[in-house]
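Participant: have a look; sequence and predicted model below, questions after that.
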Amino acid sequence: MVQDSKRIWGWWFFDWASQPYATLLLTFIFPIYYTEVARAHFIASGETAGQAGASAQALWGYGLSIAGVIIAALAPVLGSVADASGRRLRWVWTFSVLYLIGAAGIWLLLPDGTNLYLTVALFGLGIIGLEFTTIFTNALLPGLAPRDDIGRVSGSGFAFGYVGGLVSLAIVLLFLAESATTGRTLIGIAPILGLDPDLREGTRAVGPFTAIWYVVFMIPFALWVREPRTDPRPPRSRSALSELWALIRGLRRRKSLLAWLISSMFSRDALNALYSFGGVYAASVLGWPVILAGIFGITSAIAAAIVSWLGGKADRQWGPMPVILTCSLMLSGVVIIVVGMSRESFLGIALAPGSRIPDAIFFACGILIGGAGGALQAASRTLTVMHTSPERATEVFGLYALSGKATAFLAPFLIAVATDLTGSQHVGVSPLIVMFLLSLILLIWVQTEGDPEQ
């Protein structure tokens, strides 16, 4: 296979364009603002501060779980239809609309709690758009490079995406996101463009900013990425669904693919939960403001970019399995640390009042989550390629998305329920430990080169 460097760069630009949704909206900026607003809303409704923090985390979890159910239900079906038609790019542009609506909708959440539930719903819609566009761009990966170079291409793509997330985060912190107390950005100025800090317009603008960023940086993707097939075929949904059902039934004969799908179901769901609840945890348990969470995000994004790139090199040298094992063990350790940490103690050891040890530990956890998480996702994408062919890539990546989302509603739901039952946000994330351990056990049956017949 002859590599087309411009096509690879165009494909990488999807990661660059889409990463701000994860970096700014899902992890570092919007969750902090959401938590501040939601806690104030629930306190105004008569709850105590502790109850309000738990209610805010629970609402966040239920919103993400609903989006996960929708993704799990539709991902494999859409992938099968796309493979049957031989067209993936039309689906990328279709679901990009949902991405843009969800991102722009962040603007609607006012500091007094107005549009709280609507904004959570729109945020979930954007997550659906992000996940579905990712399915179809991932399906283009097998046709980009020879099989033994897929790991490098995948890892470099994730690294490039994390750099994009880092740049977007830096711009937001310097010029838009304001402190709730001072109304100033990280460099001590009011939000640019005349945005009103009293209405938190600088922080709310992170949503429209994310949408504009996506539109601008998808231009190289639109110009340089082409379908691997040239034979136009009309979509045949009935035939596609029959082929999908045949593939699902055939999983009992493809033991490696089946074990990998279930393993990744647990590991990626747990990882996504770490991303999704990290900002809420930092705001509620540690009391971090938006600016500090943004600095935390910068260190995490730098680690993610570097380790994703190194992970791609390791993937090419030793294959994706050692990378996946190492990263999963690291992330399991992070969850144990988070569960055992609060402002008052760490793993049962009492801390002095006002101690900054929890902040330092959580910063270290952020570096591990960013680095190990990025490398894990890149290597997982490579291992999925090893279980498919260019012709059936979208279908298999649809199942891969299903495996990542079949329990995507479950992890946020379990966290929400555990938080409700215990009233403790750090104990609420404990189900993630079990999920990472289950994913490691299932890797026993996964073959790096895929099934003998696929």
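Facilitator: Perfect, I can see it now.
Participant: state the pLDDT value of the residue nearest to residue 145 when sequence neighbours are not counted.
Facilitator: Among residues not flanking residue 145 along the chain, residue 153 sits closest, at 4.8 Å (CB to CB, 6 or more residues apart in numbering). The way it works is simple: take the backbone N, C-alpha and C, and place the C-beta from them, glycine included. Residue 153 carries a pLDDT value of 84.
Participant: pull up the gap between residue 153 and residue 9, please.
Facilitator: 11 Å (CB to CB, to the nearest Å).
Participant: higher neighbour count, the two?
Facilitator: residue 153 (23 against 17; other CB atoms under 10 Å).
Participant: and the more buried one, what does it touch?
Facilitator: 8, 141, 144, 145, 312 (CB atoms under 8 Å, 6 or more residues apart in numbering).
Participant: burial count for the last one?
Facilitator: The number of residues packed near residue 312 is 28, by other CB under 10 Å.
Participant: output the longest helix belonging to the protein.
Facilitator: The longest helix of the chain (DSSP state H) is helix 49-85.
Participant: show me the helices in the stretch 51-200 of the chain, by range?
Facilitator: Under the criterion DSSP state H, counting those that start in this stretch, the stretch 51-200 of the chain contains helices at 89-104, 116-138, 150-175.
Participant: turn these into CSV, columns for distance to residue 373.
Facilitator: Below are those laid out as CSV (distance: least, CB to CB, whole Å):
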stretch, distance to residue 373
helix 89-104, 21
helix 116-138, 15
helix 150-175, 10
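Participant: closest to residue 35 out of the ones you listed?
Facilitator: Closest to residue 35 of these, according to CB to CB: helix 116-138, at 11.4 Å.
Participant: the inter-axis angle of the closest one versus helix 150-175?
Facilitator: In terms of direction (axes from the mean of the first three to the mean of the last three CA atoms, to 10 degrees), helix 116-138 departs from helix 150-175 by 150 degrees.
Participant: send the alpha carbons of helix 116-138 over as PDB?
Facilitator: Extracted in PDB, the C-alpha atoms of helix 116-138 (Å, rounded to 0.1, in the frame of the first residue of the first chain):
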ATOM      1  CA  LEU A 116     -29.700  23.800  33.300                       C
ATOM      2  CA  TYR A 117     -31.600  20.700  32.100                       C
ATOM      3  CA  LEU A 118     -31.700  21.900  28.500                       C
ATOM      4  CA  THR A 119     -28.000  22.500  28.400                       C
ATOM      5  CA  VAL A 120     -27.300  19.000  29.800                       C
ATOM      6  CA  ALA A 121     -29.500  17.600  27.000                       C
ATOM      7  CA  LEU A 122     -27.800  19.600  24.300                       C
ATOM      8  CA  PHE A 123     -24.400  18.600  25.700                       C
ATOM      9  CA  GLY A 124     -25.500  14.900  25.400                       C
ATOM     10  CA  LEU A 125     -26.500  15.600  21.800                       C
ATOM     11  CA  GLY A 126     -23.100  16.900  21.000                       C
ATOM     12  CA  ILE A 127     -21.500  13.800  22.600                       C
ATOM     13  CA  ILE A 128     -23.600  11.700  20.300                       C
ATOM     14  CA  GLY A 129     -22.400  13.700  17.300                       C
ATOM     15  CA  LEU A 130     -18.800  13.400  18.400                       C
ATOM     16  CA  GLU A 131     -19.000   9.600  18.900                       C
ATOM     17  CA  PHE A 132     -20.700   9.000  15.600                       C
ATOM     18  CA  THR A 133     -18.300  11.100  13.500                       C
ATOM     19  CA  THR A 134     -15.500   9.300  15.300                       C
ATOM     20  CA  ILE A 135     -16.900   5.900  14.200                       C
ATOM     21  CA  PHE A 136     -16.700   6.900  10.500                       C
ATOM     22  CA  THR A 137     -13.400   8.600  10.600                       C
ATOM     23  CA  ASN A 138     -11.800   5.600  12.500                       C
END
